[in-house]
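K.L.:
mind looking at a prediction? Sequence and model below.
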Amino acid sequence: MKLVPLGDRVVLKQLVAEETTKSGIVLPGQSKEKPQQAEVVAAGPGGMVDGKEVKMEVKVGDNVIYSKYAGTEVKLDEEEFIIVKQSDILAIINN
Amino acid sequence: MKLVPLGDRVVLKQLVAEETTKSGIVLPGQSKEKPQQAEVVAAGPGGMVDGKEVKMEVKVGDNVIYSKYAGTEVKLDEEEFIIVKQSDILAIINN
Amino acid sequence: MKLVPLGDRVVLKQLVAEETTKSGIVLPGQSKEKPQQAEVVAAGPGGMVDGKEVKMEVKVGDNVIYSKYAGTEVKLDEEEFIIVKQSDILAIINN
Amino acid sequence: MKLVPLGDRVVLKQLVAEETTKSGIVLPGQSKEKPQQAEVVAAGPGGMVDGKEVKMEVKVGDNVIYSKYAGTEVKLDEEEFIIVKQSDILAIINN
Amino acid sequence: MKLVPLGDRVVLKQLVAEETTKSGIVLPGQSKEKPQQAEVVAAGPGGMVDGKEVKMEVKVGDNVIYSKYAGTEVKLDEEEFIIVKQSDILAIINN
Amino acid sequence: MKLVPLGDRVVLKQLVAEETTKSGIVLPGQSKEKPQQAEVVAAGPGGMVDGKEVKMEVKVGDNVIYSKYAGTEVKLDEEEFIIVKQSDILAIINN
Amino acid sequence: MKLVPLGDRVVLKQLVAEETTKSGIVLPGQSKEKPQQAEVVAAGPGGMVDGKEVKMEVKVGDNVIYSKYAGTEVKLDEEEFIIVKQSDILAIINN
């Protein structure tokens, strides 16, 4: 199953970063520390949205920061996603 | 009786998915697990809605994710439907 | 006396459907079961409403579903009506 | 003294209908029964209002239904009026 | 000192009407009876206000009815004024 | 250090007027009496602000009345300023 | 890692000014005294944002005053940033 977002919607998968301690032990990321980082797993086509032309700026694979409280949580095939409007994405994280 | 939605309204029928356990027993879906999946049973013609041109992107038979709290519940001939605006539909689910 | 709605207003008369039991006894409809079905008894001319062109899609005699909480209740000559904007009408019911 | 409304404002005088019982006794109308009927006593010129062109549809002498809670009560020379925007007038009552 | 309002603002001076009793005694007006009558003491130039062209309809010396709760009270040289937007003025009172 | 406001922002310095009693004693102004008078110390360039063309009407040195509750208090080099949008300025005070 | 803001977003780093007492002792700045000063560390490209053309007026390195309560706090690589819309930036501080 695959989510195909409409308009300016973007499907996000929250990042659960792994952290390595100085002694080399890998600790699973704590959600409280990185609550708004996510990876883009699908992006709508943009176009006319609510009477305004929207051009999509994010693409699949981008790591992004999105606005706290924005979006709708969705569960599909035991996986959890967040669907936001592109305007709720604040910045792309470049490595 | 048939519902003919106006403008950018879409008539949805909530999906009650069946689940099969490992032993093969079919369990009726639990509404708490999939609260926002629905099938499109009728879609309005779009056009000028509140002064803005709306093009319909969903069609009858599409499985969709719609926005929590959106829409109006309607009961017709003992069947329950939800009528939403297309902008309350977040994504189409492709199999 | 007759109500002539302005702009995109529509005058509705709530439907109180009769139900026939299997034994043939006619029971008056219960308002709790069909709270949002109504018949259009008058429709405004449409045109420019709040700076936007509105084209009327409903006509006198249509059975419609309208948005819960929308509209103003009006009593005229002992009859009760609901006046809504056309955008509060969700769908037409075709038989 | 005369009220000259600006823009799309309309000056209303609430109707206090007299009721004649079958025996011919005239009873003064009860305000609770007809809270939203009024007569237009003055109408603004319309034109550009809040950046939108408004064409006046009501005229002096029209009996109208207006939106509950809308408008401002005004007392002038011991007479009470209600000043509303034309968009708060739902329908004209034709006899 | 003189107030020069900007845009579509209007400076008002609340009217404190004198009332003459039948016996000829002049009583100062009671503010509770005429809370929204005022005289225009200065009017802005109009023009583009919040992206919309506003044409001024009131002029200095006009007696007007203004919207309850609207406007800002200002004290200058021991005199009290109210500054409102023209759209908060409901009607001009002609004698 | 100097504040350079963006768009239609205006930097204000609240006026603390001195009052001279009849006996010639100078009393510092009481802020409760003149809460909304201020001097313009810097004005933005105007131009397109939130999609609307704004033309600046106030200039440095103007004494103005501004809207109660509007603006943001800012402290720079021990001096206090208020930054408002030009639309929060109600009138210029001419002497 | 680098934050690349979208549209009219601006990434800010709050300034923690050092203060030197008369005796020459350097005291770390108190956040309560300068809560809204920040340095621009990245600025979006501007362009069409919510249907309106936005031209960016701030650039990397600018010291700015931003609106209290605006923006989203973000933590990246142990550093804290605030992401605001350019319209939440009130003024640039020139030295």
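P.N.:
Cool, got the structure.
K.L.:
so residue A:59 versus residue G:5, what's the distance?
P.N.:
16 Å (Cβ to Cβ, to the nearest Å). For every residue, glycine as well, the C-beta is placed using N, CA and C.
K.L.:
the more surrounded of these two?
P.N.:
Taking neighbours as other Cβ atoms under 10 Å in any protein chain shown, residue A:59 and residue G:5 compare with residue G:5 leading, 23 against 10.
K.L.:
so how far is chain C from the residue nearest to residue A:44 when sequence neighbours are not counted?
P.N.:
Counting by Cβ to Cβ, 6 or more residues apart in numbering or on different chains, residue A:44 lies nearest to residue A:5, which is 4.1 Å off, once chain neighbours are set aside. To chain C, residue A:5 is 24 Å away according to Cβ to the nearest Cβ, to the nearest Å.
K.L.:
surely residue A:5 and residue A:83 touch.
P.N.:
Yes - the pair residue A:5 / residue A:83 is scored as a contact, 6.3 Å apart, by Cβ atoms under 8 Å.
K.L.:
low-confidence regions, chain A specifically.
P.N.:
A:17-35 (pLDDT under 70).
K.L.:
picking up where we left off before, what about the residue nearest to residue A:44, distance to residue F:91?
P.N.:
For residue A:5, the distance to residue F:91 - Cβ to Cβ - is 50 Å.
K.L.:
also residue A:81?
P.N.:
Distance from residue A:81 to residue F:91, by Cβ to Cβ: 53 Å.
K.L.:
those two - which one has more neighbours?
P.N.:
Just comparing residue A:81 and residue F:91: by other Cβ under 10 Å the higher neighbour count belongs to residue F:91, 26 against 22.
K.L.:
next, name the residue at the spatial heart of chain A.
P.N.:
Nearest residue to the geometric centre of chain A (Cα atoms, centre = their mean): residue A:12, 2.9 Å.
K.L.:
just grab the bridge partners of that one for me.
P.N.:
Here residue A:12 sits in beta bridges with residue A:40, residue A:82, as judged by DSSP bridges.
K.L.:
now do the contacts for it.
P.N.:
The neighbourhood of residue A:12, defined by Cβ atoms under 8 Å, 6 or more residues apart in numbering or on different chains, consists of A:38, A:39, A:40, A:41, A:64, A:66, A:71, A:81, A:82, A:83, A:84.
K.L.:
which of those residues count as buried?
P.N.:
A:38, A:40, A:41, A:64, A:66, A:71, A:81, A:82, A:83, A:84 (16 or more other Cβ atoms under 10 Å in any protein chain shown).
K.L.:
show the contacting residues for the residue of chain A at minimum distance from chain C.
P.N.:
Closest approach between chain A and chain C, counting by Cβ to the nearest Cβ: residue A:51, at 10.5 Å. Contacts for residue A:51 were tallied using Cβ under 8 Å, 6+ apart; they are B:51, B:52, B:53, G:51.
K.L.:
so which residues on chain A come close to chain G?
P.N.:
A:33-34, A:36, A:51-53, A:55, A:57-58, A:65, A:67-68, A:86-87, A:89-95 (Cβ under 8 Å from any Cβ of the partner chain).
K.L.:
hmm, 7 Å instead?
P.N.:
Selection of chain A residues close to chain G by Cβ under 7 Å from any Cβ of the partner chain yields A:33, A:36, A:52-53, A:55, A:57, A:65, A:67-68, A:87, A:89-95.
K.L.:
helix, strand, or coil at residue A:87?
P.N.:
helix (DSSP: H, G, I helix; E, B strand; the rest coil).
K.L.:
not counting its neighbours along the chain, what's nearest it?
P.N.:
Residue A:87 sits nearest to residue G:50 (Cβ to Cβ, 6+ apart), 6.6 Å away.
K.L.:
burial of the one you found, as a residue count?
P.N.:
By other Cβ under 10 Å, 15 other residues sit near residue G:50.
K.L.:
again with residue A:75
P.N.:
For residue A:75, using other Cβ under 10 Å, the count is 14.
K.L.:
which residues sit against whichever strand or helix holds it?
P.N.:
Element membership of residue A:75, judged by DSSP states H and E, is strand A:72-76. Under the criterion Cβ atoms under 7 Å, 6 or more residues apart in numbering or on different chains, residues A:1, A:3, A:80, A:81, A:82, A:83, B:36, B:65, B:67, B:68, B:90 lie in contact with strand A:72-76.
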